[in-house]
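Asker: Below: sequence and its predicted model.
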Amino acid sequence: MRAHAFLHVAFEGLGTIASWLDERGYEVTYTRFYEPDASLPQCEEVDLLIVMGGPMSVNDEAEFPWLVAEKAWIRSMIQSKKPVLGICLGAQLIANALGSKVYPHREKEIGWFPIVPVSYEAQKGVFGFSLLLEVFHWHGETFDLPPHALWLAKSEACAHQAFQVGTNVIGLQFHLEMTEKAIASIVENCRNELVPSRYVQSEEAIVLKIKERTQRTEVLMRTLLEYLHVNPQAS
(Lines give C-alpha, C1' and ligand atoms only; values in the text may rest on other atoms or scores of the structure.)
Protein backbone atom coordinates (compact mmCIF):
# COMPACT_ATOMS: atom_id res chain seq x y z
CA MET A 1 0.00 0.00 0.00
CA ARG A 2 1.15 3.51 -0.76
CA ALA A 3 0.32 6.62 1.24
CA HIS A 4 1.03 10.02 -0.27
CA ALA A 5 1.36 13.22 1.76
CA PHE A 6 0.94 16.80 0.56
CA LEU A 7 3.26 19.06 2.58
CA HIS A 8 3.07 22.86 2.29
CA VAL A 9 5.88 24.07 4.57
CA ALA A 10 9.05 22.43 5.81
CA PHE A 11 8.07 22.80 9.48
CA GLU A 12 4.78 20.84 9.29
CA GLY A 13 5.23 17.12 8.77
CA LEU A 14 3.18 14.00 9.47
CA GLY A 15 3.87 13.87 13.19
CA THR A 16 2.37 10.77 14.82
CA ILE A 17 0.78 9.74 11.51
CA ALA A 18 4.24 8.63 10.35
CA SER A 19 4.58 5.90 12.98
CA TRP A 20 1.07 4.56 12.24
CA LEU A 21 1.86 4.37 8.52
CA ASP A 22 5.09 2.52 9.28
CA GLU A 23 3.34 0.02 11.54
CA ARG A 24 0.69 -0.60 8.89
CA GLY A 25 3.32 -1.26 6.24
CA TYR A 26 2.64 1.70 3.97
CA GLU A 27 5.21 3.00 1.55
CA VAL A 28 5.12 6.78 2.06
CA THR A 29 5.78 9.32 -0.70
CA TYR A 30 5.52 13.09 -0.65
CA THR A 31 4.73 16.16 -2.68
CA ARG A 32 6.52 19.04 -0.98
CA PHE A 33 4.90 22.07 -2.59
CA TYR A 34 7.48 24.42 -1.05
CA GLU A 35 10.18 22.83 -3.21
CA PRO A 36 10.65 24.05 -6.82
CA ASP A 37 10.62 20.54 -8.33
CA ALA A 38 7.45 19.35 -6.55
CA SER A 39 5.48 16.86 -8.62
CA LEU A 40 2.23 14.93 -8.30
CA PRO A 41 1.88 11.16 -8.63
CA GLN A 42 -0.84 9.39 -10.57
CA CYS A 43 -4.04 8.89 -8.57
CA GLU A 44 -4.02 5.19 -9.43
CA GLU A 45 -0.67 4.80 -7.64
CA VAL A 46 -1.95 6.09 -4.28
CA ASP A 47 -4.04 4.19 -1.71
CA LEU A 48 -4.28 6.92 0.96
CA LEU A 49 -3.86 10.69 0.68
CA ILE A 50 -2.95 12.89 3.65
CA VAL A 51 -3.11 16.67 3.16
CA MET A 52 -1.27 18.59 5.85
CA GLY A 53 -1.35 22.17 7.11
CA GLY A 54 0.38 25.41 6.23
CA PRO A 55 0.16 29.17 6.80
CA MET A 56 -1.16 30.06 3.33
CA SER A 57 -4.82 30.30 2.34
CA VAL A 58 -6.51 28.05 -0.20
CA ASN A 59 -7.45 31.33 -1.92
CA ASP A 60 -3.80 32.34 -2.51
CA GLU A 61 -3.65 30.86 -6.02
CA ALA A 62 -1.95 33.93 -7.49
CA GLU A 63 0.92 33.62 -5.02
CA PHE A 64 0.97 29.81 -4.97
CA PRO A 65 -0.18 28.60 -8.42
CA TRP A 66 0.29 24.95 -7.42
CA LEU A 67 -2.88 25.26 -5.30
CA VAL A 68 -4.93 24.89 -8.50
CA ALA A 69 -3.37 21.54 -9.40
CA GLU A 70 -3.43 20.38 -5.80
CA LYS A 71 -7.17 20.98 -5.43
CA ALA A 72 -7.89 19.24 -8.74
CA TRP A 73 -5.82 16.25 -7.59
CA ILE A 74 -7.65 16.12 -4.23
CA ARG A 75 -10.98 16.18 -6.06
CA SER A 76 -9.90 13.27 -8.29
CA MET A 77 -8.73 11.26 -5.29
CA ILE A 78 -12.06 11.79 -3.53
CA GLN A 79 -13.95 10.72 -6.64
CA SER A 80 -11.87 7.53 -6.76
CA LYS A 81 -13.39 6.56 -3.37
CA LYS A 82 -9.96 6.16 -1.80
CA PRO A 83 -9.31 7.47 1.73
CA VAL A 84 -8.41 11.15 2.10
CA LEU A 85 -7.52 12.93 5.35
CA GLY A 86 -7.07 16.70 5.53
CA ILE A 87 -5.66 18.52 8.54
CA CYS A 88 -6.07 22.27 9.09
CA LEU A 89 -5.20 23.78 5.69
CA GLY A 90 -5.73 20.26 4.38
CA ALA A 91 -9.36 20.25 5.54
CA GLN A 92 -9.87 23.67 3.97
CA LEU A 93 -8.38 22.40 0.70
CA ILE A 94 -10.79 19.46 0.68
CA ALA A 95 -13.75 21.76 1.34
CA ASN A 96 -12.65 24.17 -1.38
CA ALA A 97 -11.94 21.36 -3.86
CA LEU A 98 -15.53 20.23 -3.34
CA GLY A 99 -16.90 23.71 -4.03
CA SER A 100 -17.12 25.31 -0.58
CA LYS A 101 -15.88 28.75 0.38
CA VAL A 102 -12.91 29.28 2.71
CA TYR A 103 -12.58 32.66 4.38
CA PRO A 104 -11.07 34.49 7.39
CA HIS A 105 -12.80 33.66 10.65
CA ARG A 106 -13.78 36.32 13.14
CA GLU A 107 -11.41 34.71 15.68
CA LYS A 108 -8.02 33.08 15.41
CA GLU A 109 -7.81 29.86 17.41
CA ILE A 110 -4.32 28.91 18.54
CA GLY A 111 -3.53 26.58 21.41
CA TRP A 112 -5.31 23.84 23.33
CA PHE A 113 -9.10 24.15 23.27
CA PRO A 114 -11.84 21.50 23.47
CA ILE A 115 -13.88 20.25 20.56
CA VAL A 116 -17.49 19.20 21.06
CA PRO A 117 -18.80 16.22 19.11
CA VAL A 118 -21.81 16.53 16.83
CA SER A 119 -23.42 13.12 17.23
CA TYR A 120 -24.37 10.76 14.37
CA GLU A 121 -24.43 7.63 16.52
CA ALA A 122 -27.40 6.14 14.69
CA GLN A 123 -25.91 6.56 11.23
CA LYS A 124 -23.85 3.69 9.88
CA GLY A 125 -20.33 4.41 8.68
CA VAL A 126 -19.83 7.72 10.49
CA PHE A 127 -16.66 8.44 12.45
CA GLY A 128 -17.95 9.78 15.75
CA PHE A 129 -16.06 12.05 18.13
CA SER A 130 -17.71 10.48 21.15
CA LEU A 131 -16.15 12.64 23.87
CA LEU A 132 -15.31 16.27 24.42
CA LEU A 133 -11.54 16.43 23.93
CA GLU A 134 -8.93 19.16 24.26
CA VAL A 135 -7.00 19.36 20.97
CA PHE A 136 -4.34 21.57 19.42
CA HIS A 137 -5.46 24.36 17.07
CA TRP A 138 -3.60 26.81 14.85
CA HIS A 139 -5.91 28.45 12.33
CA GLY A 140 -7.34 31.82 11.35
CA GLU A 141 -9.69 30.78 8.55
CA THR A 142 -12.83 28.69 8.41
CA PHE A 143 -14.96 27.11 5.68
CA ASP A 144 -18.48 26.21 4.67
CA LEU A 145 -19.23 22.51 4.88
CA PRO A 146 -18.90 20.74 1.52
CA PRO A 147 -22.05 19.40 -0.17
CA HIS A 148 -23.26 16.12 1.39
CA ALA A 149 -20.75 16.44 4.24
CA LEU A 150 -21.62 15.44 7.78
CA TRP A 151 -20.59 17.95 10.44
CA LEU A 152 -18.71 16.00 13.13
CA ALA A 153 -17.32 18.48 15.67
CA LYS A 154 -17.31 22.12 16.74
CA SER A 155 -15.56 24.36 19.26
CA GLU A 156 -16.57 27.47 21.12
CA ALA A 157 -14.46 29.63 18.82
CA CYS A 158 -15.19 27.96 15.48
CA ALA A 159 -18.19 25.89 14.43
CA HIS A 160 -16.77 23.81 11.60
CA GLN A 161 -14.02 21.77 13.22
CA ALA A 162 -14.48 18.38 11.56
CA PHE A 163 -16.50 16.90 8.71
CA GLN A 164 -16.89 13.66 6.79
CA VAL A 165 -17.86 12.97 3.17
CA GLY A 166 -18.92 9.39 2.51
CA THR A 167 -16.83 6.95 4.50
CA ASN A 168 -13.53 7.80 2.81
CA VAL A 169 -13.01 11.54 3.42
CA ILE A 170 -12.42 13.32 6.74
CA GLY A 171 -11.36 16.92 7.30
CA LEU A 172 -10.04 18.20 10.64
CA GLN A 173 -9.55 21.89 11.32
CA PHE A 174 -7.44 20.94 14.36
CA HIS A 175 -4.27 18.88 14.82
CA LEU A 176 -4.35 15.38 16.31
CA GLU A 177 -0.96 14.47 14.84
CA MET A 178 1.19 16.89 16.82
CA THR A 179 4.20 15.70 18.79
CA GLU A 180 6.13 17.80 21.29
CA LYS A 181 8.78 18.41 18.62
CA ALA A 182 6.16 19.37 16.00
CA ILE A 183 4.55 21.91 18.31
CA ALA A 184 7.95 23.41 19.14
CA SER A 185 8.59 23.73 15.39
CA ILE A 186 5.33 25.48 14.56
CA VAL A 187 5.76 27.84 17.52
CA GLU A 188 9.30 28.66 16.40
CA ASN A 189 8.19 29.43 12.84
CA CYS A 190 4.88 31.17 13.58
CA ARG A 191 5.57 32.84 16.93
CA ASN A 192 4.48 36.22 15.54
CA GLU A 193 0.88 34.96 15.54
CA LEU A 194 0.88 34.41 19.30
CA VAL A 195 -0.85 37.66 20.19
CA PRO A 196 -2.85 36.61 23.27
CA SER A 197 -6.59 36.97 22.93
CA ARG A 198 -9.66 35.00 23.96
CA TYR A 199 -8.73 32.04 21.75
CA VAL A 200 -4.98 32.55 21.30
CA GLN A 201 -2.84 31.14 24.07
CA SER A 202 0.64 32.18 25.09
CA GLU A 203 3.65 30.03 24.30
CA GLU A 204 3.84 29.11 27.97
CA ALA A 205 0.23 27.87 27.97
CA ILE A 206 0.75 25.89 24.76
CA VAL A 207 3.65 23.86 26.18
CA LEU A 208 1.96 23.23 29.54
CA LYS A 209 1.36 19.47 30.06
CA ILE A 210 2.37 18.98 26.43
CA LYS A 211 3.46 15.33 26.78
CA GLU A 212 0.17 14.28 28.36
CA ARG A 213 -1.87 16.26 25.83
CA THR A 214 -0.09 14.94 22.73
CA GLN A 215 -0.36 11.37 24.01
CA ARG A 216 -4.14 11.73 24.33
CA THR A 217 -4.59 13.19 20.86
CA GLU A 218 -2.36 10.52 19.32
CA VAL A 219 -4.81 7.86 20.53
CA LEU A 220 -7.65 9.54 18.64
CA MET A 221 -5.43 10.10 15.59
CA ARG A 222 -4.70 6.39 15.41
CA THR A 223 -8.38 5.49 15.82
CA LEU A 224 -9.30 7.81 12.96
CA LEU A 225 -6.57 6.41 10.69
CA GLU A 226 -7.75 2.86 11.38
CA TYR A 227 -11.28 3.93 10.43
CA LEU A 228 -10.09 5.33 7.08
CA HIS A 229 -7.89 2.28 6.51
CA VAL A 230 -10.81 -0.11 6.89
CA ASN A 231 -13.90 1.75 5.64
CA PRO A 232 -13.38 3.40 2.22
CA GLN A 233 -14.63 0.39 0.31
CA ALA A 234 -18.07 0.87 1.89
CA SER A 235 -18.52 4.38 0.48
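Answerer: Cool, got the structure. Numbering: from 1, shown residues only.
Asker: And for A184, nearest residue in space, chain neighbours not counted?
Answerer: Nearest residue to A184 in three dimensions, chain neighbours excluded: V207, at 7.8 Å (CB to CB, 6 or more residues apart in numbering). Every residue, glycine included, has its C-beta placed from N, CA and C.
Asker: so that neighbour touches I186, yeah?
Answerer: No. V207 lies out of contact with I186 (CB atoms under 8 Å); the separation is 11.7 Å.
Asker: Between these two, which has more neighbouring residues?
Answerer: I186 (21 against 16; other CB atoms under 10 Å).
Asker: so where is the chain shaky, pLDDT-wise?
Answerer: Applying pLDDT under 70 to the chain flags the ranges 120-123, 232-235.
Asker: residue boundaries of the helices in this structure?
Answerer: For the chain, the helices defined by DSSP state H cover 17-23, 66-79, 89-97, 180-190, 203-206, 210-230.
Asker: and those as JSON lines, adding distance to P117?
Answerer: Below are the helices of the chain laid out as JSON lines (distance: least, CB to CB, whole Å):
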{"stretch": "helix 17-23", "distance to P117": "21"}
{"stretch": "helix 66-79", "distance to P117": "24"}
{"stretch": "helix 89-97", "distance to P117": "16"}
{"stretch": "helix 180-190", "distance to P117": "24"}
{"stretch": "helix 203-206", "distance to P117": "24"}
{"stretch": "helix 210-230", "distance to P117": "11"}
